[in-house]
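S.K.: Would you be able to build a 3D model of this:
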Amino acid sequence: MNSRSIAAASCITLLLAITCLMTGCQSEPAKGTLSGTVMYDGEPVEDGVVVLVNTDLGSGGMAVLGPGGAYKLQQEILVGTYVVTVGPEPISPIPDADPPKPCRAPEVYKLESTTPLTVEIKEGENTQDFDLE
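M.R.: Numbering: from 1, shown residues only. As a prediction, this is how the structure comes out:
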């Protein structure tokens, strides 16, 4: 390499470093997944959804409840503390679709404003079982 090439490479490296410092070297934010089970009165809650909401982050996720009350988020979400609700599946916008099955969870768990449930999502895989009272 001649001195002109070395100078050009040095300038490009310097410009990239300055750009990185000015933009904060933003990388992908940390994310995690969540899975577990939901029980009520010792029985699995097999119909409905688990919804996570964090209004500060503008983030959330949803998981459909299945056999044994098992759930798993459908996508990764940002790390942080989330309010958790357990309720019926949303009504389908498709005409003539079957209505959602009723959810056995008590009413207090169905609304973000009344549920006592929260979960801390950390980077990677997370597991949280909920035993509703």
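
S.K.: distance of the closest residue to Pro29 other than its chain neighbours from Val51?
M.R.: Nearest residue to Pro29, sequence neighbours excluded (CB to CB, 6 or more residues apart in numbering): Leu78, at 5.6 Å. No exception for glycine: its C-beta is placed from N, CA and C like everyone else's. Leu78 is 15 Å from Val51, where distance means CB to CB, to the nearest Å.

S.K.: for the longest strand along the chain, which positions count as buried?
M.R.: With DSSP state E applied, the strand covering the greatest number of residues in the chain is identified as strand 31-40. Neighbour counts over strand 31-40 (16 or more other CB atoms under 10 Å) mark Gly32, Thr33, Leu34, Gly36, Thr37, Val38, Met39, Tyr40 as buried.

S.K.: if I read this right, the second one contacts Gln74, doesn't it?
M.R.: No - contact between Thr33 and Gln74 fails when scored by CB atoms under 8 Å: they sit 9.4 Å apart.

S.K.: any idea of the pLDDT on Pro90?
M.R.: Looking at Pro90, its pLDDT stands at 87.

S.K.: for it, what are its contacts?
M.R.: Residues near Pro90 by CB atoms under 8 Å, 6 or more residues apart in numbering: Val49, Pro100.

S.K.: Confirm it sits in a strand?
M.R.: No - according to DSSP: H, G, I helix; E, B strand; the rest coil, Pro90 belongs to no strand; its state is coil.
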